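Undergrad: sequence and predicted structure are below.
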Amino acid sequence: MKGSVSHGAIAQQEGRFQIGEIVQTITEKMIRRHPHVFADIQVADSKEVLVNWEAIKAQEKGEKVKSPSGIDKVTTALPALLRAEKLQKRAARIGFDWVDWHGPREKVREELAELVEAIDSGDKQHIRDELGDLFFAVVNLARFFQVNPEEALHRTSDKFIRRFRYVEECCRREQKNMTDCSLEEMDKYWDEAKAQGL
């Protein structure tokens, strides 16, 4: 709004229009977009406020309220985890969301079971699709706990690197290449790294 007023002051100096016109337009927009405050519209919660807000904005732009364009605004150029999170947030803003974190937790379990079935079938396309569904469900669960999935995965990757380097160092101390260490030895070193908080 501060930017609108600044631009309005410049436009007024140039004689294009009066700043009062900007204030009037902003006031009308605020009243129109907040019927739960300025009219007799009753809402149950903040989610319903957002649903109404999106519908009003769509009407102002001449869009159909039921248009899928809200989700189309999420670019395909984003990293996959971030794109999934943004899609889920957009859907949630219009009311398509779980009531609480139990829903996405159960969805993770469901998708994991479907992945196991796909693995048992041996169908690589089905496995890929079910892995995608599982990732999407995990991102949704992360969203409910305000955990950035990209950051969480980076942290886990960094943890893997620390532990792997510890295993490498232990093998070197034994004067062995990692390829000469048994899986049991490497697992033992891995568990040591984990116990040390690496």
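TA: It's in.
Undergrad: least confident secondary structure element in the chain?
TA: Using mean pLDDT, DSSP states H and E, helix 2-13 stands out as the lowest-scoring helix or strand of the chain, at a mean of 67.
Undergrad: in the protein, spot the helix with the most residues.
TA: Assignment by DSSP state H gives helix 149-173 as the longest helix of the chain.
Undergrad: mind listing what's buried in the helix or strand where Val37 lies?
TA: For Val37, the host element (DSSP states H and E) is helix 35-38. For helix 35-38, burial by neighbour count (16 or more other Cβ atoms under 10 Å) applies to Pro35. C-beta coordinates here come from the backbone N, C-alpha and C atoms, glycine included.
Undergrad: all helices for the chain, in order.
TA: 2-13, 19-33, 35-38, 46-60, 69-72, 80-93, 102-121, 124-144, 149-173, 183-195.
Undergrad: what comes up buried for the longest one?
TA: Judged by neighbour count using 16+ other Cβ under 10 Å, the buried positions of helix 149-173 are Pro149, Glu150, Leu153, Arg163, Phe164, Tyr166, Val167, Cys170, Cys171.
Undergrad: tell me the contacts of the nearest residue to the third one once chain neighbours are set aside?
TA: Beyond its immediate neighbours in the sequence, the residue positioned closest to Leu153 (Cβ to Cβ, 6 or more residues apart in numbering) is Leu81, lying 6.7 Å away. When the contact criterion is Cβ atoms under 8 Å, 6 or more residues apart in numbering, the partners of Leu81 are Phe135, Val139, Pro149, Glu150, Leu153.
Undergrad: just flag the most distant two among the residues you listed.
TA: Phe135 and Glu150 (12.1 Å; Cβ to Cβ).
Undergrad: per-domain residue ranges of this structure.
TA: 98-146, 152-195 (automatic domain parsing).
Undergrad: just name the most buried of the ones you listed.
TA: Most buried of those by mean neighbour count (mean count of other Cβ atoms under 10 Å) is domain 98-146; its value is a mean of 15.
Undergrad: so for that one, mean pLDDT?
TA: In this model, domain 98-146 has a mean pLDDT of 98.
Undergrad: how far out from the middle of the chain is that domain?
TA: 15 Å (Cα atoms, centre = their mean, to the nearest Å).
Undergrad: kindly report the same for stretch 90-98.
TA: That offset, for stretch 90-98, works out to 12 Å (Cα atoms, centre = their mean).
Undergrad: got the contact list for that stretch?
TA: Contacts for stretch 90-98 (Cβ under 8 Å, 6+ apart): 47-48, 50-51, 54, 70-71, 73-74, 88, 104, 107, 140, 143-144.
Undergrad: just these now: which is nearest Asp129?
TA: Lys107 (15.1 Å).
Undergrad: Asp40 versus that closest one, what's the distance?
TA: Lys107 is 38 Å from Asp40, where distance means Cβ to Cβ, to the nearest Å.
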